[in-house]
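Q: Sequence first, predicted coordinates after that:
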Amino acid sequence: MASPSPTLTKIISHPFFFFLFFFSCSTILSYAIRTSSSPSSSINSNDLHHLSRAERLIRSLNLFPTKPVNIIGGGGSGDDDVFVPGKIVEKNFSFLSLSNSDHPSIHDLGHHAGYYSLVHTKAARMFYFFFESRNNKDDPVVIWLTGGPGCSSELALFYENGPFTITRNYLSLLWNDYGWDKASNILFVDQPTGTGFSYSSDDSDIRHDENGVSNDLYDFLQAFFKEHSEFVNNDFYITGESYAGHYIPAFASRVHQGNKNQEGIHINLKYYDIRKKCYGEMCYDFSDMERFLREGKVREALGVGKLEFVSCSRRVYDAMNGDWMKNLEVDIPNLLEDGIRLLVYAGEKDLICNWLGNSRWVHAMKWSGQEQFRASPTIQFVVNGSHAGSLKSYGPLAFLKVNEAGHMVPMDQPEAALEMITRWMKGILTVTTQTHYASHN
């Protein structure tokens, strides 16, 4: 595929139709937060105290969604008001500038946005982005799930590991040199229902537990691979961060169950996890993303009509309240015993959920390889000649501490994150790391 223009400012479109233990995590509350009424002002501790837990999370990201959830009265995205369960409506789109004649065509670029009408709902539609690999269509298919619960995966798309990054204040896009689409065909999904551009016209479609979440994702995946049958034989990895430490093991177990029961299309699950469940404020600023996704040309390109973008949903966050204390680690040993590979990673400077707590639960998890994993050596993770982290592994299980990274590793250490997932998907993470370690010591 031809190399695209480095600056992406103009928008054109063409219609087409994985686990969590509870940890007590330190919380940092002393920082300035912009308020919707005064962008330059800060919120004092008394104001912060009166906000709900969900509102504190959203304000800490410098996000100001105009509504608590995408439950609409009618009209939706404007594409099709008739709800047909199981239907996918998708379009090819491009954020590329037309000023460079050498950039790929919309079809060759392989960027898609669409809606899937969830089967086990009354009227819910799940919004997603799909970016074909810049390298090779035979690369693995990866799905990314942002946490919250209730935050849009566009946070990762534009600030962590998507194809683009947003230039500060100018709302133009640049190619991300460390985007995971350089090593995979990647999906970003707005879920649970009511998050991002995903919506419903029926309040009962809001999800409250991992059973509903994992079934919705599994149904979407079946429809996606039916729509994109050329990717069915590719390896498949589940990724995410923060509260996705709940979503991922439940979703992986659902896919594994579906494969064993021969339900629909067999999915080549390889499993991959970024397990960093959070409780407190994170001091990131994602406000440019909200502004960008409100631009008329952007909305037109994505086919979302007049639908509001709910960056993080207070309603979805509160609806999942009963799910917070559930231990989803119990699902993992069965996956490991069946050879489903698992990578757990954490930033060494994540004050929200420190790497040591994550390491301890991985070491304490009971499975047939537990003693061998605990006895295995910790080796260096080397990227481009530099010590980028510490890795421990045995069989299908690996744990990586990433140096100089906080809560959002792909944002803090993008080169290390891309190298990590690339080696992991190729099955050479531990081999390459040990080789590099030996050559540099």
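A: Perfect, thanks for sending it.
Q: For the strand or helix carrying Q257, which residues meet the burial criterion?
A: Secondary structure from DSSP states H and E places Q257 in helix 244-260. Buried residues in helix 244-260, counted by 16 or more other Cβ atoms under 10 Å: 244-256, 258-259. Backbone N, C-alpha and C define where each C-beta goes, glycine included.
Q: Stretch 161-177 too?
A: Going by 16+ other Cβ under 10 Å, stretch 161-177 has these buried residues: N161, G162, P163, F164, T165, I166, L171, S172, L173, W175, N176.
Q: Then stretch 115-131?
A: Going by 16+ other Cβ under 10 Å, stretch 115-131 has these buried residues: 115-119, 121, 123-131.
Q: The nearest residue to Y243 once chain neighbours are set aside: neighbouring residues, count only.
A: Nearest residue to Y243, sequence neighbours excluded (Cβ to Cβ, 6 or more residues apart in numbering): G147, at 3.0 Å. The tally of other residues near G147 (other Cβ atoms under 10 Å) stands at 24.
Q: which of the buried residues of helix 244-260 has the weakest pLDDT?
A: Ranked by pLDDT, the buried residues of helix 244-260 bottom out at G245 (74).
Q: Help me confirm that it comes into contact with L145.
A: No - applying Cβ atoms under 8 Å as the test, G245 and L145 come out as separate, 9.8 Å apart.
Q: What ranges in the stretch 101-250 of the chain fall below the confidence cut-off?
A: 101-108, 169-170 (pLDDT under 70).
Q: just the helices in it please.
A: 106-109, 154-159, 210-227, 244-260 (DSSP state H, counting those that start in this stretch).
Q: Out of these, which is closest to P414?
A: helix 154-159 (10.1 Å; Cβ to Cβ).
Q: now the closest one, how far from the centre of its chain.
A: Distance of helix 154-159 from its chain centroid, counting by Cα atoms, centre = their mean, to the nearest Å, is 8 Å.
Q: for that helix, packing partners?
A: Packing contacts for helix 154-159, counted by 3 or more Cβ pairs under 8 Å, 6 or more residues apart in numbering; DSSP states H and E, involve strand 164-166, strand 185-189, helix 287-293.
Q: looking at those, which is closest to E337?
A: Once the helices and strands packed on helix 154-159 are compared by Cβ to Cβ, strand 185-189 is nearest, at 27.2 Å.
Q: Can you name every helix or strand that the closest one contacts?
A: So strand 185-189, by 3+ Cβ pairs under 8 Å, 6+ apart, packs with strand 125-131, strand 141-145, helix 154-159, helix 210-227.
Q: For S184, find the nearest of the ones you listed.
A: Here strand 141-145 is closest among those (Cβ to Cβ), at 4.2 Å.
Q: Could you pull out the strands in the stretch 301-441 of the chain for me?
A: Using DSSP state E, counting those that start in this stretch, the strands found in the stretch 301-441 of the chain span residues 342-347, 379-383, 386-394, 397-402.
Q: export the ones you listed to TSV and tack on distance to E263, mean pLDDT and mean neighbour count?
A: As requested, the strands of the stretch 301-441 of the chain are exported to TSV (distance: least, Cβ to Cβ, whole Å; pLDDT from 0 to 100; neighbours: other Cβ atoms under 10 Å):
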stretch	distance to E263	mean pLDDT	mean neighbour count
strand 342-347	22	85	26
strand 379-383	37	90	22
strand 386-394	31	90	20
strand 397-402	27	90	24
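Q: Export these to a markdown table and append columns for distance to G212.
A: Listed next are those as a markdown table, based on distance: least, Cβ to Cβ, whole Å:
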| stretch | distance to G212 |
| --- | --- |
| strand 342-347 | 24 |
| strand 379-383 | 36 |
| strand 386-394 | 33 |
| strand 397-402 | 28 |
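Q: Surely the residue nearest to Y243 touches A244?
A: Yes - applying Cβ under 8 Å, one finds G147 in contact with A244, separated by 4.7 Å.
Q: count of neighbours near G305?
A: 13.
Q: no no, P410
A: Using other Cβ under 10 Å: P410 sits among 27 other residues.
Q: tell me the contacts of it?
A: Contacts for P410 were tallied using Cβ atoms under 8 Å, 6 or more residues apart in numbering; they are A156, E160, N161, Y178, W180, A417, L418.
Q: one more time with 7 Å, if that's ok
A: E160, N161, A417 (Cβ atoms under 7 Å, 6 or more residues apart in numbering).
Q: now swap in L356 and tell me
A: Counting by Cβ under 7 Å, 6+ apart, L356 has no contacts.
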